[in-house]
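A.B. asks: What follows is a predicted structure for the sequence shown.
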Amino acid sequence: MEDKLKSVCQNCTKPTIQVYMRNIKRLYKLHPDNKEEVPADGKWLANKTLHKKLKALPLNQRRHLSVAGLKACRATKKDDTFWLKQMKDDSDKYSEERGKRTLTDKEKERIPKKGYAAIKKLAAEYAKRTKKAWATKSNTGLYKYSIYIALKLMSEVPLRNTAATLQIAEQKAGNFIDIPKKGNAKLVIREHKSAKKLGTKEIPLSRAVTNAIRKFIRYRKDQPHDFLLSNKQGEKLTKSALGKALHRVTNDILGKSFGSRIIRIMAAQKHSAALEKADALANAMLHANKTQTLQYAKK
C-alpha cells in the first residue's frame, strides 16, 4: 500500500506519507473483517459497514480518515466517488466549525486559568524539578533538559511539535536554529504544514530564549545527531515523543493534560484582540489579507 501511495503522491514528503499510512490503517480497523495488514487491492474501501462506521465518528476524527480513504482509493485505482464527497463534506464542516471560534468542552477543560502565560511558569517549574537530573550528564538528564528547552521555546513561539525537527546547524534541508556569535537567534522553518503556500519562515527569538538555547548546546556537546532535542536513549527526539512528553508534563505540574495544539490556541487567545483589529482594518481598506494592509504601515 505504501509504495502505491507514493506513486500517486510523488510530491509528498516522507512524514506526510507516514501520516497517510497511519490514518489508512486506522480507517481499515473500522472494516468488519479487518486483518493485521491493510489489503493492497483497495476492495475494502467500498464496504458499506465501513462507510457507516466512519460517518458515526466525531468530525475531528472523521476528517482525517476521509482524506486517508480518498488517498487509498486513488493509490489502488478504485472508484473514489464516496470518498471524495465525504472528504469535501468533512472539510466544509470543519471549516464551518473553526469559523465559529468556539472552544469545545474538552478544550475548555484543558486550558489553564492563566492561559498562555502558564507555559512560561510551567517551564520554570519543570526546570526546578529536573535540574538535579541535568547535573548527571546522563541520557536521562539530557532528555529532561531537552523537554525544558522545548517548553521554554514554546512559551514564546507556539510551534506544533516542530521543535523536535530543529537542527543546531544549517543543513541543505530541514529546519534549524540560526545562532549568530552576537545577537539573538532565529528559527528557520523550511518544513511545516503550510510550506507549499508560505515557503520558508524565519522566526526571531528573544534574548532569554537565545541564551537558554546557547547554554543547552554547550551542555549537550557531541551527540550522535545534529538535532536540538534528544530522547532518553540519547537519540533524536521524535515529534510523537515530544507530544507525549508535553501531555505528561502538563498533567504532572498543571493537572491538565494537553499538547502543542492547546498551546497554540492559548497563544492566539492572548493576541485575539489585536488579530481582530487587524482583520477589521484589512476589511475596511478592502484588502485581501492583513499582509497587504501591513505594507501601508510604513515606518
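C.D. replies: Great, that's in hand. Numbers count the residues shown, from 1 in each chain.
A.B. asks: need the next SSE after the helix or strand where residue 88 lies, C-terminal direction.
C.D. replies: Mapping residue 88 onto the secondary structure by DSSP states H and E places it in helix 81-99. Per DSSP H and E, the first helix or strand lying C-terminal to helix 81-99 is helix 105-110.
A.B. asks: In that next one, which residues are buried?
C.D. replies: Buried residues in helix 105-110, counted by 16 or more other Cβ atoms under 10 Å: residue 110. (Glycine included, C-beta is placed from N, CA and C.)
A.B. asks: Show residues contacting it.
C.D. replies: 256, 257, 258, 262, 265 (Cβ atoms under 8 Å, 6 or more residues apart in numbering).
A.B. asks: mind checking how far the helix holding residue 88 is from the chain centre?
C.D. replies: Distance of helix 81-99 from its chain centroid, counting by Cα atoms, centre = their mean, to the nearest Å, is 21 Å.
A.B. asks: Let me have the contacts of helix 105-110 in JSON lines, extended by neighbour count.
C.D. replies: Shown next, in JSON lines, are the contacts of helix 105-110 (neighbours: other Cβ atoms under 10 Å):
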{"residue": "256", "neighbour count": "15"}
{"residue": "257", "neighbour count": "15"}
{"residue": "258", "neighbour count": "20"}
{"residue": "262", "neighbour count": "22"}
{"residue": "265", "neighbour count": "18"}
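A.B. asks: now, among these, which is nearest to residue 198?
C.D. replies: residue 265 (20.2 Å; Cβ to Cβ).
A.B. asks: which ones are touching that closest one?
C.D. replies: When contacts are counted by Cβ under 8 Å, 6+ apart, residue 265 is found next to 103, 107, 111.
A.B. asks: do that again at 10 Å, thanks
C.D. replies: Applying Cβ atoms under 10 Å, 6 or more residues apart in numbering to residue 265 gives the contacts 103, 107, 110, 111, 115, 116, 158, 258.
A.B. asks: so where's this structure uncertain?
C.D. replies: Counting by pLDDT under 70, the ranges of the chain that qualify are 296, 298-299.
A.B. asks: so where do the helices sit in the stretch 151-299 of the chain?
C.D. replies: Using DSSP state H, counting those that start in this stretch, the helices of the stretch 151-299 of the chain run over 195-198, 207-220, 239-254, 260-270, 272-284, 290-294.
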